[in-house]
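1. Here's a sequence, model it:
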Amino acid sequence: MKKLFLMALFAVAFSACQNKATESETATITDTTANGTPVIAEADAPKVQVEKAIYEFGEIKQGEKVSYEFKFKNVGKTPLIITNATATCGCTVPEYPSAPVKPGEEGVIKVVFDSAGKMGLQDKVVTITSNANPAFEQLHLVGDVKEK
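-> As a prediction, the model looks like this:
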């Protein structure tokens with residue numbers, strides 16, 4: 001039992017040594033998110049400037065699809081990495097760039113809303129998970145779905 005305890009203690013001490021950040025990492029990484037993605041200090045972080053965060057598609061008939069491309073630019077100092085994009089329901093499908101968006105570069109998030117089975121005023125929200133600091137703002141598709 002004593003051997004098992006010592007081996008466990010050695011393993012914990014050894015792994016703690018392996019996880020030490022270098023001085024340069026400590027200067028920019030201040031914390032991690034719930035999924036383990038490092039949060040970069042605001043001064044060095046990628047910053048997102050969205051051209052238009054709300055797209056009003058107006059009035060459409062039930063069953064029609066609406067597609068829109070949200071344009072954004074990385075105005076920060078480090079590459080922007082988008083790890084996920086989720087919508088409020090399965091009727092809205094976002095597509096985001098899988099490659100990092102370098103500082104000064106632009107990118108597009110394409111969102112398609114299928115109005116089949118929907119009626120009335122709609123506000124479909126797309127949440128983007130990335131390493132931007134401050135966080136990427138939510139994107140909205142807003143409009144009115146009328147009966148066929």
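2. now the residue lying closest to Glu56 once chain neighbours are set aside, what's its secondary structure?
-> On the basis of Cβ to Cβ, 6 or more residues apart in numbering, the spatially nearest residue to Glu56 that is not a chain neighbour turns out to be Val142, at 5.0 Å. In short, each C-beta sits where N, CA and C put it, glycine included. Secondary structure assignment for Val142 (DSSP: H, G, I helix; E, B strand; the rest coil): strand.
3. Is Val142 in contact with Asp123, as I believe?
-> Yes: with contact defined as Cβ atoms under 8 Å, Val142 and Asp123 form a contacting pair (5.0 Å).
4. more crowded one of those two?
-> For Val142 versus Asp123, the count of surrounding residues by other Cβ atoms under 10 Å is larger for Val142: 15 against 10.
5. For that one, list the residues it contacts.
-> Taking Cβ atoms under 8 Å, 6 or more residues apart in numbering as the contact definition, Val142 lies against 54-57, 121-124.
6. Can you flag the buried ones in those?
-> Restricting those to buried positions leaves 55, 57, 122, 124, with burial counted as 16 or more other Cβ atoms under 10 Å.
7. nearest to Phe72, of those residues?
-> Proximity of the buried ones among the contacts of Val142 to Phe72, judged by Cβ to Cβ, is greatest for Tyr55, which lies at 13.1 Å.
8. Ile109 versus that closest one, what's the distance?
-> From Tyr55 across to Ile109, the span is 11 Å (Cβ to Cβ, to the nearest Å).
9. what's the answer for Ile60, then?
-> Taking Cβ to Cβ, one finds Ile60 at 21 Å from Ile109.
10. Leu121 belongs to a strand?
-> Yes: inclusion of Leu121 in a strand is indicated when three-state DSSP is applied.
11. thought it was touching Asp144?
-> Yes: using Cβ under 8 Å as the test, Leu121 is close enough to Asp144 to be in contact (5.5 Å).
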